[in-house]
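Asker: one predicted model, sequence on top.
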Amino acid sequence: MIDIEKFNKILKRVEKPARYIGLEKNSIKKNLKDMEVKFAFAFPDIYEVGMSHLGLHILYNLINEEEEIACERVFAPWVDMEKEMIREGIPLFTLESREPVKNFDFLGFTLQYEMSYTNVINMLHLSGIPILSKERSLEDPFVIAGGPCVYNPEPLADIIDFFVIGEGEEVTLEILNRYKDFKKSGKDKRDFLKEVSKLEGIYVPSFYQVSYNEDGTIKDMIPIIEEAPKTIKKRIIKDLNKVYFPEKLIVPYIEIVHDRIPLEIFRGCTRGCRFCQAGIIYRPVREKSILKLLELADNLVKNTGYEDISLTSLSSCDYSQLKLLVSELINRYEEKKVGISLPSLRLDSFSLDILKEIEKVRKTGLTFAPEAGSQRLRDVINKGVTEEDLTTAVSYAFKEGWSNIKLYFMIGLPTETDEDVLGIKNLGYKVKDIFFNQPKEKRKGNLKITLSASCFVPKPFTPFQWVGQNSIDEFNRKINLLKDNIKDRKITFNYHDPRLSYLEAILARGDRRLGKTLIKAWEKGCKFDGWSELFDYDKWIEAFYETKVQGDFYALRERDLEEILPWDFIDSGVSKEYLIKEYKKAKAQELTRDCRLGCTGCGINKSFSGGVCN
Ligand code: SF4
């Protein structure tokens with residue numbers, strides 16, 4: 001355990017001590033001395049962000065159900081706390097037992113976004129664990145990682161001992177059980193890595209060798225030990241009704257990003273938006289039954305005291321029995337004043353009807369994501385939304401009393417022209433006209449329209465994985481085009497920092513040669529890169545220069561369809577042929593239907609069963 005006297009002393013000097021004390025309702029503290037295996041679950045961002053992540057709650061409770069295994073949490077300490085910890089010589093510790101992370105058997109990171117990678121390095125450093133995997137001994141924990149980013153694990157190949165590709169509920173316990181046997185065996189670290197590499201979904205990067213062509217593209221990637229498979233097949237849970245879901249959630253003392261019960265209603269998405277990585281990697285769609293969901297909701301409401309249940313998924317309005325589920329939940333919880341919310345809304349009257357039902361009193365802001373300003377570009381990205389859908393939905397929303405509308409877009413999508421960019425402004429103005437075209441006596445509230453534009457980042461395992469990203473200058477030109485043209489006090493225009501999206505694009509489609517750049521950027525002080533107050537682009541550019549790595553090679557270059565991509569060795573279940581077909585259809589502005597209406601041949605049903613594909 002860390003020095004508690006020192007710990008108590010520094011707590012008084014930091015901004016939010018509750019980030020570091022643990023002891024929340026439903027947190028689980030076991031006696032570590034009695035445990036056969038100790039697992040530190042790491043979220044490489046601050047407490048408030050990490051505690052809002054459903055995966056953390058699932059794995060934390062799942063692992064702690066095992067009698068001889070303890071799972072404790074660790075988050076990235078904010079800069080004030082880090083400074084104090086270094087000053088007092090306190091290493092990174094877990095919240096439950098305040099035990100140094102270095103004393104655990106596993107340090108497991110969840111990687112939700114690429115810009116958290118320098119925090120992974122920083123957390124290793126604060127723990128006193130060598131940053132490079134090859135420099136760790138049996139005295140150090142196994143450093144492992146999972147989450148959506150590990151569908152291209154290569155930029156972290158030198159840092160992480162092994163990756164868990166796909167859904168973690170089953171494979172995590174398989175790993176931990178193998179570790180129990182390993183611990184008794186007296187074998188060395190490499191033997192355990194060999195052992196886990198036999199498990200489906202596990203990727204041990206040190207067991208593979210990558211060679212490159214003269215132009216910098218990948219020539220080959222081959223396993224260098226017999227046990228390592230040539231292809232790593234993602235793990236999925238076949239039946240969501242049978243998989244573990246916690247009955248209790250830790251209830252923080254401080255406000256977190258999503259302060260509510262996240263009730264996961266299904267996994268996967270059938271819509272087929274061509275920019276969306278989650279829509280591919282979480283296939284196939286698998287729903288939880290209403291009975292199961294009601295049972296889970298009852299337990300979670302009873303055990304947490306939360307007053308809001310959020311029905312989470314990639315596209316919650318697509319749940320096949322959403323109306324019934326919502327009315328059942330309202331019947332049960334209306335009296336207890338537990339509200340229901342939907343995090344993602346579609347632009348149709350069905351979604352709005354449901355919303356009307358659940359927002360009987362509160363009329364909070366409405367958010368829609370048309371993603372692109374013109375119909376042409378929406379067809380390119382296969383966003384099955386028309387302008388009519390938007391105008392109908394917005395008219396309906398204004399009639400029902402909403403007056404605060406947010407519209408999300410991306411700029412820099414493949415084939416985008418200035419006309420498409422200005423389409424964003426045009427949609428904003430159309431929404432404004434709809435509001436003011438209502439008779440004055442019918443207008444409710446004060447109109448506020450927010451147009452929000454993020455910079456498109458091409459992601460692995462999408463039909464756009466081959467495209468070059470817009471340059472920072474081009475993004476800025478498009479942003480200025482919109483800024484110059486949006487001149488209405490009812491409309492606010494927000495946009496993301498293109499420099500951050502450029503770095504995200506490099507890391508998202510990078511290879512293992514980026515590891516040294518990541519470490520160099522961290523050495524220069526980069527951490528919490530997703531936080532604008534700490535993001536330092538110049539340091540990153542210095543890091544690229546000093547490590548002789550060309551960022552443009554990864555972000556801006558259009559790839560040949562034949563090129564070996566760094567993540568090609570992973571089998572997401574969706575075939576490369578399907579992604580190529582979709583890429584070609586995008587260029588031809590051809591739509592692909594929602595595959596709930598009929599299979600469109602993505603291939604996942606060939607290697608994985610379950611969900612809508614059956
Ligand atoms: S196999 Fe067919 S139904 Fe299943 S996810 Fe793919 S396209 Fe959709």
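Answerer: Right, received. Where do you want to start? Residues are numbered from 1 along each chain as shown.
Asker: close to the ligand: what parts of the chain are there?
Answerer: 270, 283-284, 595, 599-602, 604-605, 612-613 (CB under 6 Å from any ligand atom). All C-beta atoms are positioned from the backbone trio N, CA, C, and that covers glycine.
Asker: after whichever strand or helix holds residue 144 comes which helix or strand?
Answerer: Applying DSSP states H and E as the criterion places residue 144 in strand 142-146. Using DSSP H and E, the helix or strand that follows strand 142-146 towards the C-terminus is strand 162-164.
Asker: can you pull the buried residues of the next helix or strand after that following strand?
Answerer: Note on strand 162-164: by DSSP H and E, the next helix or strand toward the C-terminus is helix 168-185. The neighbour-count check on helix 168-185 (16 or more other CB atoms under 10 Å) flags 168-176, 178-179, 182 as buried.
Asker: just give the number of residues close to the residue in the stretch 1-150 of the chain that the ligand sits nearest to.
Answerer: Among the residues of the stretch 1-150 of the chain, residue 148 lies closest to the ligand, at 17.5 Å counting by CB to the nearest ligand atom. If you count neighbours by other CB atoms under 10 Å, residue 148 ends up with 19.
Asker: in contact with it, which residues?
Answerer: Applying CB atoms under 8 Å, 6 or more residues apart in numbering, we find residue 148 in contact with 111-112, 277-278, 281.
Asker: equivalent analysis for residue 266, please.
Answerer: 240, 285-288, 313, 318-319.
Asker: biggest separation within those residues, which pair?
Answerer: Largest separation among the contacts of residue 266 by CB to CB: 240 and 318, giving 14.6 Å.
Asker: still on that earlier bit, so can I have CSV of the contacts of residue 266 showing distance to residue 229 and neighbour count?
Answerer: Output for the contacts of residue 266, formatted as CSV (distance: CB to CB, whole Å; neighbours: other CB atoms under 10 Å):
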residue, distance to residue 229, neighbour count
240, 27, 23
285, 27, 26
286, 25, 22
287, 31, 20
288, 31, 22
313, 31, 22
318, 34, 22
319, 35, 21
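Asker: let me know the closest of those to the ligand.
Answerer: The ligand has its nearest neighbour among these in residue 285, at 6.7 Å by CB to the nearest ligand atom.
Asker: most neighbours, which of the residues of the chain next to the ligand?
Answerer: residue 283 (28 neighbours).
Asker: which SS class is that one?
Answerer: Under DSSP: H, G, I helix; E, B strand; the rest coil, the three-state class of residue 283 is coil.
Asker: tell me who's in contact with it.
Answerer: 268-269, 572-574, 602, 604, 608, 611.
Asker: and of those, the nearest to the ligand?
Answerer: Within these, the smallest distance to the ligand is 3.3 Å, found for residue 602 (CB to the nearest ligand atom).
Asker: wait, that closest one touches residue 578, no?
Answerer: Yes. Residue 602 lies in contact with residue 578 (CB atoms under 8 Å); the separation is 4.7 Å.
Asker: the residue of the chain positioned farthest from its centre and residue 403: what is the separation?
Answerer: Each residue of the chain has a distance to the centre, and by CA atoms, centre = their mean the biggest one is for residue 441: 44.0 Å. According to CB to CB, to the nearest Å, residue 441 and residue 403 sit 15 Å apart.
Asker: residue 26 now?
Answerer: From residue 26 across to residue 403, the span is 38 Å (CB to CB).
Asker: quick one: which of the two has more around it?
Answerer: Using other CB under 10 Å, the more surrounded residue of residue 26 and residue 403 is residue 403, with 18 against 15.
Asker: ok, for the more buried one, nearest residue in space, not its chain neighbours?
Answerer: residue 445 (3.1 Å; CB to CB, 6 or more residues apart in numbering).
Asker: and that neighbour, what does it touch?
Answerer: The neighbours of residue 445, taking CB under 8 Å, 6+ apart as the test, are 363, 401-404.
Asker: closest to the ligand out of these?
Answerer: Closest approach between the contacts of residue 445 and the ligand, by CB to the nearest ligand atom: residue 402, at 33.2 Å.
Asker: pLDDT of the helix or strand where residue 62 lies, averaged?
Answerer: Using DSSP H and E, residue 62 sits in helix 54-64. Across helix 54-64, pLDDT averages out at 94.
Asker: helices or strands up against the helix or strand following it?
Answerer: Sequence-wise, the next helix or strand downstream of helix 54-64 (DSSP H and E) is strand 69-75. Applying 3 or more CB pairs under 8 Å, 6 or more residues apart in numbering; DSSP states H and E, one finds that strand 69-75 contacts strand 37-43, helix 47-50, helix 54-64.
Asker: for whichever helix or strand comes after strand 69-75, buried residues please.
Answerer: Using DSSP H and E, the next helix or strand after strand 69-75 towards the C-terminus is helix 79-88. Neighbour-count burial for helix 79-88 flags 79, 81-82, 84-85 (criterion: 16+ other CB under 10 Å).
Asker: show me the contacts for the nearest residue to residue 46 once chain neighbours are set aside.
Answerer: Distances taken as CB to CB, 6+ apart put residue 78 closest to residue 46, at 5.5 Å, once the chain neighbours are dropped. With contacts defined as CB under 8 Å, 6+ apart, the neighbours of residue 78 are 14-16, 19, 46.
Asker: how is the closest residue to residue 583 other than its chain neighbours assigned, secondary-structure-wise?
Answerer: Using CB to CB, 6+ apart and skipping residues adjacent in sequence, the residue nearest residue 583 is residue 463, 4.2 Å away. What three-state DSSP gives for residue 463 is coil.
Asker: on that earlier part again, pLDDT score assigned to the residue of the stretch 1-150 of the chain closest to the ligand?
Answerer: pLDDT, residue 148: 96.
Asker: and if you look at residue 362?
Answerer: 53.
Asker: and the one 4 residues further on, by the same measure?
Answerer: Reading off the per-residue confidence, residue 366 sits at a pLDDT of 82.
Asker: I figured it hits residue 406, correct?
Answerer: Yes. Using CB under 8 Å, residue 366 is in contact with residue 406, at 7.0 Å.
Asker: who has more neighbours out of those two?
Answerer: residue 366 (20 against 16).
Asker: partner residues bridging the more buried one?
Answerer: Bridge pairing for residue 366 (DSSP bridges) gives the partners residue 405.
Asker: next one: it from the ligand, what distance?
Answerer: 29 Å (CB to the nearest ligand atom, to the nearest Å).
Asker: for that residue, what are its contacts?
Answerer: Residues near residue 366 by CB under 8 Å, 6+ apart: 345, 355, 397, 402, 404-406.
Asker: of the residues you listed, which one scores lowest on pLDDT?
Answerer: Per-residue pLDDT puts residue 345 lowest of these, at 73.
Asker: so it sits against residue 355, correct?
Answerer: Yes. Counting by CB under 8 Å, residue 355 is a contact partner of residue 345 at 6.6 Å.
Asker: got a list of what residue 39 touches?
Answerer: Neighbouring residues of residue 39 by CB under 8 Å, 6+ apart: 63, 69-72, 104-106, 108, 176.
Asker: could you identify the most distant pair in those?
Answerer: Using CB to CB, the contacts of residue 39 span at most 14.0 Å, a distance reached by 72 and 176.
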